[in-house]
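Engineer: A structural model of the following input is requested.
(3 chains)
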Amino acid sequence: MQNINFIPIDYNNFDYEGKNYFNIIGRDDKGKRISLIDNLEVYFWAIFNEGTKEKKINEISEEIAEIKIRGKNGDSKVLKTEIYEKNFLGKNYKAIKVFISNYKDAREIAKKIKFKEIFKIREYDIPYTTKYILEKKLRPLNWYEIEGSVLSDSEEFGGIQNIEVDLCLKLESFKEIKKEDFHPKVLAFDIETENFEIGKGEILMISLVGENFKKVISHRNNSHHNFFEKVKNEAELIEKFVYYVKKNSPDILTGYFSDGFDLPYIKSRAEKLKVELNLGLDNSTPKFRKGAVLTGRINGIVHLDLFKFIKTVYSQYLQSETLKLNDVAEELLGEKKHVWEFIPINKIDSDKWDEFFEYNLKDGELTYKLFQKIWADIYEFTTIIEEPLFDLSRYSMSNLVENYIIHNLDKYNEITEKKPPNESIKLRREEGKYEGAFVFQPIAGLYENLVFFDFTSMYGSIIVSFNLSKESYIEKKDKNVTEVDIGRKVYFSKDTGFFSKMLKDIIKKRKEYKKEYNKNPSPLLKARSNAFKLLSNASYGYLGFFGARYYCREAAASAAAIARSQIKTAISNIEKKGYKVVYGDTDSISFLQGNKTKKDIHDLLDEINSKLPGIMELDLEGFFKRGIWVTKRTGEFGAKKKYALLGEDDKIKIKGFETVRRDWCDLARKTQNKILELILKDGNEKRALEYLKKIINQLKRREINIKELIIRTQLKKPISNYKSISPHVSIAEKMKKIGMDVSVGTLIEYYISESNDKKSLIRERAKLPDEKGIYNMEYYLKNQILPAVENILEIFQINVNELFDGERQRGLVEYG
DNA sequence: GTACACTACATACC
DNA sequence: ACTGGTATGTAGTGTAC
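Structural biologist: Below is the predicted model:
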């Protein structure tokens, strides 16, 4: 027997003699790598109809206990059955816990259970590792004091000793210990290749970066850099890569988009060159699961693709216009990639290779630093959701919410609902949209002294306060229900269900950790508070997501209906007090402060809050010196979701305008931005108009750099799927033709050039940024600059089209 | 041959 | 397919005159 302190990192399962076992890889507190072998009694639930007689339950239970099938890997059977009182969707039932020999056959065995008294069979579809964590409560990235028997010298489990660890134990007992600190051993990697398509062309070099470790390996050229290591060919390059991974013995091997590029590329080349890519601790090769996107798994080492985690957890907060390593690193680290122009490798001068190696190393370094930067978030999410790092880092928002629910259901004695089968997903999607948020119709104009109120976690607080969820939804009107009109009347029980309780807890924790963070700021507390915020925000979307286990369209539609009614009530209450409401969107209201004091505003807020239902809360977002709203391009109404504000700190906040849209050229965006800024700061249009005049003159004199005129549009689907060939699709076709990297998600860049044929389509005048040509002045004036500013200046009765366009061109010089 | 309505698409807001 | 609906606005496409 041996006692150690242990932190679980990676969970693997294996079969031995027809039974399922776990091999949990982690560290002890001395940094030694440990493998922990454990088994799990696997089971699922068979739930009885209400009122089934005790005798019948016992009979059926005995019958089920006899089930045997020919399973995937030999004979499989029910081991035993036990009867419990359980809850399912908030209601109490008798249920049989059906223990089986091999979890892989759970579905098949469940199919054999056919009794009219049994109305649901559940939990045969919970991933095995999730099941293990739920049952044993040996959670990822928590510390445990472990007692285990040493397996290293035994032949047990068919030679488990072949795993490259310091110690292998069979788990006997454990208890959780309080310890929050864990710094994993991390190795970042990045490759450069001859081709962008997986496996086509050689890998030219691989960089590896860890703590006090930097390496670039290549067979292509020599270098005097001390981080450089020369190998003789590509095969040896891959071997060296494996060698250094093993030598570093990382807990985590991280890359940026490495699920989709680096790892599959290496695997493909290794297969071609017949090199053993035995990265796993059991010397296995990485295994890829082909879902919508590839997922590469290495046994015992967590392969973590930073891109995926950043996409789900960070992207909505990032300002970057793409999620490419360069943009994300610049925003999060303040560091950019090196500049390297990709040219065919035979055209790289021998003295240029050093630059290429440096470029490769920098990518590795950025990836490593990015990992360290966001580790707090990954760590917090892992411990909050209680899912293994490997899976967690790849989860979508709905996966995160759902797994939080699954891992918290036992507090409510609940049996987990199943995943919707494909047929119900189809039906759910056919139900179509339901009515969503209310947006206030603004009147275009420049306003002074604005106040912004907003509801804190509005949808979440409504779901909690009105108990909206699948389990509380009732088909028929009953007593003790909440009635909501979503086009038809729907009803929800007032007996608080687990969904509302869980969400209430999430919102409460978010508040606590935010408070704690403000008192005592640390990356970990910030990450914790942020994780709960994201979970709370996503819970409403989860209710309306067709793939959710706890999907409830009625609950989602009701949350939206109540939100509409609550914001309208708040608006009318503010108006009744004599304020003029200017704008509002979903959960926010903006109105004029007028001659009232800040204290008046706070009193108003308190008064509204005293009447709000449940845990709903209205908050003061801030005061603003000025705000501008414009009309829509078509029609005289004020445009929704487009406005700009000047804060008390003189900071400008711009929403929805072309300035913040990446599919407009920089010149139009910068010009509009400057004009908004000048108008907001001056309170009139004089200087803004001067500025516009200057820019337009530059444009007409062809003094604008083509870089300012590049339009960027993302390719959202494969080129062939487009019904309508817009400029960016046409450019994408052109790029593909000349062998450039174009794939779904690529940001296509182009500019519009002059052409003799006035009638030609815009796409026919679109050119690649480095393609020769002169910019189309008329296009940039009429389709970029003027549209971006006309509705703003229209507020001051200025018609920019008359001022600056066409034959009135000469008037421009005379103006002002 | 042009004008206009409609559709497809991208991207924002919350 | 991988949380929801609301909204603006461009460019292409189709059709009426």
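
Engineer: I'd say A:E192 and A:E202 touch.
Structural biologist: No - counting by Cβ atoms under 8 Å, A:E202 is not a contact partner of A:E192; they are 9.8 Å apart. Using the backbone N, CA and C atoms, a C-beta is placed for each residue, glycine as well.

Engineer: So between the two, which is more surrounded?
Structural biologist: A:E192 (22 against 18; other Cβ atoms under 10 Å).

Engineer: Double-check that the more buried one belongs to a strand.
Structural biologist: Yes - according to DSSP: H, G, I helix; E, B strand; the rest coil, A:E192 belongs to a strand.

Engineer: residues in contact with it?
Structural biologist: Contact analysis of A:E192 by Cβ atoms under 8 Å, 6 or more residues apart in numbering lists A:203-205, A:356, A:359-360.

Engineer: For A:F309, pull up the helix or strand it's in.
Structural biologist: Assigned by DSSP states H and E, A:F309 belongs to helix A:306-309.

Engineer: Same question for A:S590.
Structural biologist: In this structure, A:S590 sits in strand A:588-592 according to DSSP H and E.

Engineer: I'd like the mean pLDDT over the helix or strand following that strand, please.
Structural biologist: With elements assigned by DSSP H and E, the helix or strand that comes after strand A:588-592 is helix A:598-611. On average, the pLDDT along helix A:598-611 is 98.

Engineer: Low-confidence stretches in chain A?
Structural biologist: Scanning chain A with the threshold set as pLDDT under 70 gives A:152-155, A:158-161, A:758-759, A:805-816.

Engineer: neighbours of A:L793, just the number please.
Structural biologist: Other residues lying near A:L793 total 20 when counted by other Cβ under 10 Å.

Engineer: Helix, strand, or coil at it?
Structural biologist: At A:L793 the chain is in helix, as set by three-state DSSP.

Engineer: what about the nearest residue to it once chain neighbours are set aside, neighbour count?
Structural biologist: Leaving aside its chain neighbours, A:L793 sits nearest to A:V800 (5.3 Å; criterion: Cβ to Cβ, 6 or more residues apart in numbering). Other residues near A:V800 come to 21 when the count uses other Cβ under 10 Å.

Engineer: For A:G638, give me its contacts.
Structural biologist: A:G638 makes contact with A:441-445, A:629-632, according to Cβ under 8 Å, 6+ apart.

Engineer: Make a markdown table out of those and add secondary structure.
Structural biologist: Formatted as a markdown table, those follow (three-state DSSP):
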| residue | secondary structure |
| --- | --- |
| A:Q441 | coil |
| A:P442 | coil |
| A:I443 | coil |
| A:A444 | coil |
| A:G445 | strand |
| A:W629 | strand |
| A:V630 | strand |
| A:T631 | strand |
| A:K632 | coil |
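
Engineer: Checking the residue nearest the centre of chain A next. Helix, strand or coil?
Structural biologist: For chain A, the residue nearest the mean C-alpha position is A:T312 (0.7 Å; Cα atoms, centre = their mean). Taken by three-state DSSP, the conformation at A:T312 corresponds to helix.

Engineer: Show me which residues of the stretch 251-400 of chain A are close to DNA strand C?
Structural biologist: Within reach of DNA strand C by Cβ under 7 Å from any atom of the strand, the stretch 251-400 of chain A has these residues: A:291-292, A:312, A:316, A:396-399.

Engineer: before we move on, back to that, who does the helix or strand that the helix holding A:F309 is followed by touch, helix- and strand-wise?
Structural biologist: Downstream of helix A:306-309, the next assigned helix or strand under DSSP H and E is helix A:325-333. Helix A:325-333 sits against helix A:353-385, with contacts defined as 3 or more Cβ pairs under 8 Å, 6 or more residues apart in numbering; DSSP states H and E.

Engineer: buried sites along the helix it packs on?
Structural biologist: The neighbour-count check on helix A:353-385 (16 or more other Cβ atoms under 10 Å) flags A:353, A:356-371, A:374-385 as buried.

Engineer: how far away is A:V150 from A:K170?
Structural biologist: Relative to A:K170, A:V150 is positioned 8 Å away (Cβ to Cβ, to the nearest Å).

Engineer: Compare those two (neighbour count), which wins?
Structural biologist: Between A:V150 and A:K170, counted using other Cβ under 10 Å, A:K170 has the larger neighbour count: 18 against 12.

Engineer: Skipping adjacent residues, who's closest to A:K625 in space?
Structural biologist: Nearest to A:K625 is A:L646, by Cβ to Cβ, 6+ apart, at 4.6 Å.

Engineer: That neighbour belongs to a strand?
Structural biologist: Yes - judged by three-state DSSP, A:L646 forms part of a strand.

Engineer: returning to that earlier point: ok, the contacts of A:E192 vs A:K272, which is closest?
Structural biologist: Taking Cβ to Cβ as the measure, A:K272 lies nearest A:I203 of the contacts of A:E192, at 10.5 Å.

Engineer: Give me every residue in contact with stretch A:276-295, excluding its own residues.
Structural biologist: With Cβ under 8 Å, 6+ apart, stretch A:276-295 has contacts from A:25, A:33, A:35, A:162-165, A:238, A:242, A:245-246, A:253, A:259-260, A:263-264, A:266-267, A:270-271, A:296-301, A:303, A:394.

Engineer: go again using 6 Å as the cut-off
Structural biologist: Among residues not part of stretch A:276-295, those counted as contacts by Cβ atoms under 6 Å, 6 or more residues apart in numbering are A:163-164, A:242, A:245, A:259-260, A:263-264, A:267, A:270, A:296-300.

Engineer: List the buried residues of it.
Structural biologist: Going by neighbour count (16+ other Cβ under 10 Å), the buried part of stretch A:276-295 is A:277-283, A:285-286, A:294-295.

Engineer: so of those residues, which ones are in strands?
Structural biologist: Members of the buried residues of stretch A:276-295 lying in strands (criterion: DSSP state E): A:294-295.
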